[in-house]
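Participant: I would like to see how this sequence folds:
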Amino acid sequence: MSKATQGEAESGVTLEIDGQEVQARDGQTILDAAREAGIDIPTLCEHANLSNVGACRMCLVEVDGERTETACTTAAQDGMEISVETDELWDHRRTMLEMMFADQNHYCMYCEMEGDCELEDMFNRAGLDSSRVPLEYADIEPDASNDYITMDLDRCISCGRCVRTCDEIVGNGTLNFGNRGRETTIVADDDVSLGESSCVSCGSCVQACPTGALYSPLSAYKGRERNCEVETTTCSECSLGCELEVYTNSGRIVKIEGNEDGPAGGQLCEMGRFELLADGRERLAEPQIDGETVALEEAIDRVSETLAEANAVNAFASDRLPSETLAALSEALSAYDANLEVPGADRAKREADVLEALEAELDIETDDLFVESLHGIEDSDTLVVYDTGIVDSHPVAASYVRRAANDGTTVVTIDDGEDRLERFADHSIELTAPAATVTEQVSDVFEEGTEALADATVEDAVDVSLQLSGDATFVLGPAVEDTETMVDIFGLAATSDNKVLSLGAGANSAVADVETDDLDERADVAYLCSADDRGDDLDRAIKLAREADTVIAQATRASALTELADIVIPALDWFERDGTIVDVDGEDRAIERVLDPRGEIDSDRELLADLQEVAA
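Facilitator: Alright, predicted model coming up:
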């Protein structure tokens with residue numbers, strides 16, 4: 001339900017809550033109207049961006065002195081007289097709270113959420129310091145089968161926030177209610193362990209849980225929210241630019257949550273919420289030459305001397321670095337005539353070339369081909385997904401596809417490998433050749449103009465795509481990187497008057513503006529600014545290191561790469577950086593420094609400027 005201030009509320013719906021006159025919009029709930037008027041009605045099962053179900057009964061209000069209703073599910077009506085703070089209502093709430101405490105294990109002092117628990121807060125608000133009801137909880141063994149999420153259902157109050165979050169926000173439908181009556185509990189899929197289930201480990205359920213029933217062992221017992229400082233920054237694990245709320249205490253990160261007021265509504269993925277915390281590799285704090293610790297100035301001089309004397313330099317930069325750092329690195333390395341590679345830059349350049357050609361041929365503004373934002377795909381009648389690997393590369397984008405499918409959007413998936421979204425697809429097309437062959441005849445547009453499509457007999461996928469009614473969005477995953485496929489997909493979108501969401505391989509879309517080179521030829525020196533890279537990008541840097549005679553690594557953490565390096569320069573970690581990244585929508589997103597640098601390096605950009613100055 002949309003929110004509005006009291007000043008913005010439409011006239012015509014006026015009610016009274018505890019003697020205060022309140023304006024409400026047509027169809028607005030009593031709870032929302034009260035909140036916008038600054039009136040606090042207690043809740044436990046209600047949560048931002050989720051449907052309301054009235055499960056906890058904490059928001060019961062008295063209506064017109066005649067009946068009680070749940071404020072979160074009852075529409076405000078003109079002339080209503082609502083009471084919230086009556087003795088009878090609080091007696092009912094106290095009884096419900098005592099029953100909750102009796103049915104579960106709520107020994108607060110032993111719970112990870114003690115001090116941050118909404119149930120505990122509600123118990124205190126109700127003035128309770130003990131329960132009259134004997135404890136009869138089932139003593140359920142916690143499920144720790146998932147690396148990042150622990151389910152302790154003895155602390156579950158069956159509010160359903162996790163179930164609704166998994167269904168309505170993540171679109172995965174892993175969690176549900178199982179059994180009946182007092183035996184009702186939360187189950188994963190067909191009552192399997194969370195680690196064996198379809199769970200995507202995004203942690204949205206953990207953020208939504210009001211008690212200690214769902215928590216992350218990465219954050220357990222590290223500190224209470226009230227004792228933490230919170231900094232909002234931008235995740236740079238992919239190009240979606242989700243906003244992180246990073247909780248810190250005593251110079252360490254306690255946990256990461258999604259900003260519920262941000263573009264993604266608080267949603268994060270496994271990479272942004274957990275993997276950033278789970279990197280246990282040794283932190284590099286001091287420069288080294290041939291395994292010996294040296295002063296920073298000496299290391300910079302040696303790097304500059306090595307680069308200046310090299311016959312050829314192959315350089316590699318992490319695409320997760322801020323735009324300003326990438327620009328500084330490119331400028332510094334240009335002073336040494338180095339060849340630079342940044343993940344995703346080649347694909348971005350090919351896409352730009354295709355769009356330029358399309359503009360010239362069809363006389364269109366290709367900016368109009370793109371959805372205005374990621375949210376736009378939910379408004380599409382049809383989604384055609386090329387490369388379902390976005391489940392791993394852009395998990396939050398994949399959740400938008402799942403949600404759209406659950407809401408009735410027709411989904412066509414096209415992949416040459418495992419279809420990661422098959423169970424959500426209306427049409428799943430397995431390719432036995434490059435994706436371009438599915439829409440190959442669209443490429444004729446570049447030779448014959450749009451008339452080439454008039455009498456064409458197209459492949460099944462094209463037939464499906466063009467005949468589907470309404471607006472369509474073509475989602476391109478990072479595996480779509482060859483020119484022919486891009487020509488076909490963008491041409492199809494242009495000729496069918498539809499939109500494209502392009503999810504490139506670069507985490508920072510600013511890689512499209514970085515001058516890059518072909519590193520196919522072997523160079524005698526490799527300069528590898530891997531920062532805190534993991535996975536494929538780190539593997540690529542290691543490959544380049546093994547092909548070079550001398551290896552310079554600018555890295556955050558120890559790895560196989562730094563073991564190969566002759567010179568190691570420390571780099572900032574993700575939480576020490578500042579600057580901006582460019583998200584998939586082309587917007588600059590701020591990266592804020594969460595903690596002061598722990599090593600000798602205070603700024604990657606200043607170090608690169610020093611390197612350039614030495615070259616001059």
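Participant: can we go C-alpha only for contacts and neighbour counts from here?
Facilitator: OK.
Participant: how near is the spatially most central residue of the chain to Val303?
Facilitator: Taking Cα atoms, centre = their mean, the centroid of the chain lies closest to Leu268, which sits 3.3 Å from it. Remark: distance between Leu268 and Val303 (Cα to Cα, to the nearest Å) = 38 Å.
Participant: swap in Ala553?
Facilitator: Note on Ala553: its distance to Val303, by Cα to Cα, is 10 Å.
Participant: overlap in contacts, those two.
Facilitator: Common contact partners of Ala553 and Val303 (Cα atoms under 8 Å, 6 or more residues apart in numbering): Ile567.
Participant: between those two, point out the one with more neighbours.
Facilitator: Neighbours were counted for Ala553 and for Val303 using other Cα atoms under 10 Å; Ala553 has more, 29 against 22.
Participant: who's in contact with the strand or helix carrying the more buried one?
Facilitator: Using DSSP states H and E, Ala553 falls within strand 550-555. Outside strand 550-555, the residues that touch it by Cα under 8 Å, 6+ apart are 284, 303, 524-532, 545, 561-562, 564-572.
Participant: partner strands of it, with direction?
Facilitator: Strand pairing for strand 550-555, using DSSP bridges, gives strand 525-531 (parallel), strand 567-570 (parallel).
Participant: what comes up buried for the last one?
Facilitator: So that's strand 567-570. Neighbour counts using 16 or more other Cα atoms under 10 Å place 567-570 of strand 567-570 among the buried residues.
Participant: let's have those residues in TSV, adding pLDDT.
Facilitator: Formatted as TSV, those follow (pLDDT from 0 to 100):
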residue	pLDDT
Ile567	97
Val568	97
Ile569	95
Pro570	94
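Participant: wait, what's in contact with Ile140?
Facilitator: With contact set as Cα under 8 Å, 6+ apart, Ile140 has these partners: 152-154.
Participant: and the nearest residue to Ser393 once chain neighbours are set aside, how far from Glu372?
Facilitator: Spatial nearest neighbour of Ser393, excluding adjacent residues (Cα to Cα, 6 or more residues apart in numbering): Cys238 at 7.0 Å. Using Cα to Cα, Cys238 is found at 18 Å from Glu372.
Participant: so for the two, which residue has more residues nearby?
Facilitator: Neighbour count, other Cα under 10 Å: between Cys238 and Glu372, Cys238 has more, with 24 against 16.
Participant: which residue ranges of the stretch 151-300 of the chain form strands?
Facilitator: Assigned by DSSP state E, counting those that start in this stretch, the stretch 151-300 of the chain shows strands spanning 175-178, 185-188, 214-215, 229-234, 243-249, 252-258, 288-289, 292-293.
Participant: below-threshold pLDDT in the stretch 251-400 of the chain: ranges please.
Facilitator: For the stretch 251-400 of the chain, no stretch has pLDDT under 70.
Participant: you'd agree Ser304 is in a strand?
Facilitator: No. The assignment for Ser304 (DSSP: H, G, I helix; E, B strand; the rest coil) gives helix, which keeps it out of a strand.
Participant: surely it touches Leu611?
Facilitator: Yes. Ser304 lies in contact with Leu611 (Cα atoms under 8 Å); the separation is 6.3 Å.
Participant: look up the closest residue to Ala523, ignoring the ones flanking it.
Facilitator: Nearest non-adjacent residue to Ala523, counting by Cα to Cα, 6+ apart: Ala312, 4.9 Å away.
Participant: burial of the one you found, as a residue count?
Facilitator: Neighbour tally, Ala312, other Cα under 10 Å: 19.
Participant: then the one 3 residues further on?
Facilitator: Burial of Ala315 is recorded as 28 neighbouring residues (other Cα under 10 Å).
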